[in-house]
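Peer 1: Next one to model:
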Amino acid sequence: MAGTKNRNQTGKKSIARPTENDQKQRAQSTILAKKGVKTSKDFANVMSALIGDVLTGAIPSPTANAACNAAGKLLKIVELRHKYAPQAKNGKLLLLA
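Peer 2: Okay, the predicted model is just below:
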């Protein structure tokens, strides 16, 4: 992992962390998320990239936790739309944009 080791003010070694430049280059989930999540395939790709980013250290665990919580809420919205949205006579889902 590319990172820097520094000594804090007490002289103890600090944990090597990726630099901001390393994080920007490696965080694939943020690149995908910025393009937008409009389909289930987009959602799966972003979540898969997020897992990879956490494992490589490009995104810290608390940030990934917040993203997963938000993703769960998005899934709940989709579930409720399918459950309660009005249906057309041909059986297709009618959604208001």
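Peer 1: ok, Leu50 - contacts?
Peer 2: For Leu50, the contacting residues are 29, 59, 64, 67-68, by C-beta atoms under 8 Å, 6 or more residues apart in numbering. All C-beta spots, glycine's among them, are computed from the backbone N, C-alpha and C.
Peer 1: at 7 Å instead, please
Peer 2: Contacts for Leu50 were tallied using C-beta atoms under 7 Å, 6 or more residues apart in numbering; they are 29, 59, 64, 67.
Peer 1: Take those residues and keep only those in helices.
Peer 2: Under the assignment DSSP state H, the contacts of Leu50 contribute 29, 64, 67 to helices.
Peer 1: now the second one: how far from Pro86?
Peer 2: Remark: distance between Ala64 and Pro86 (C-beta to C-beta, to the nearest Å) = 36 Å.
Peer 1: now do Ala49
Peer 2: 35 Å.
Peer 1: Comparing those two, which shows the higher neighbour count?
Peer 2: The neighbour comparison of Ala49 against Pro86 (other C-beta atoms under 10 Å) goes to Ala49, with 19 against 8.
Peer 1: And that one, which helix or strand is it part of?
Peer 2: Here Ala49 sits within helix 40-56, counting by DSSP states H and E.
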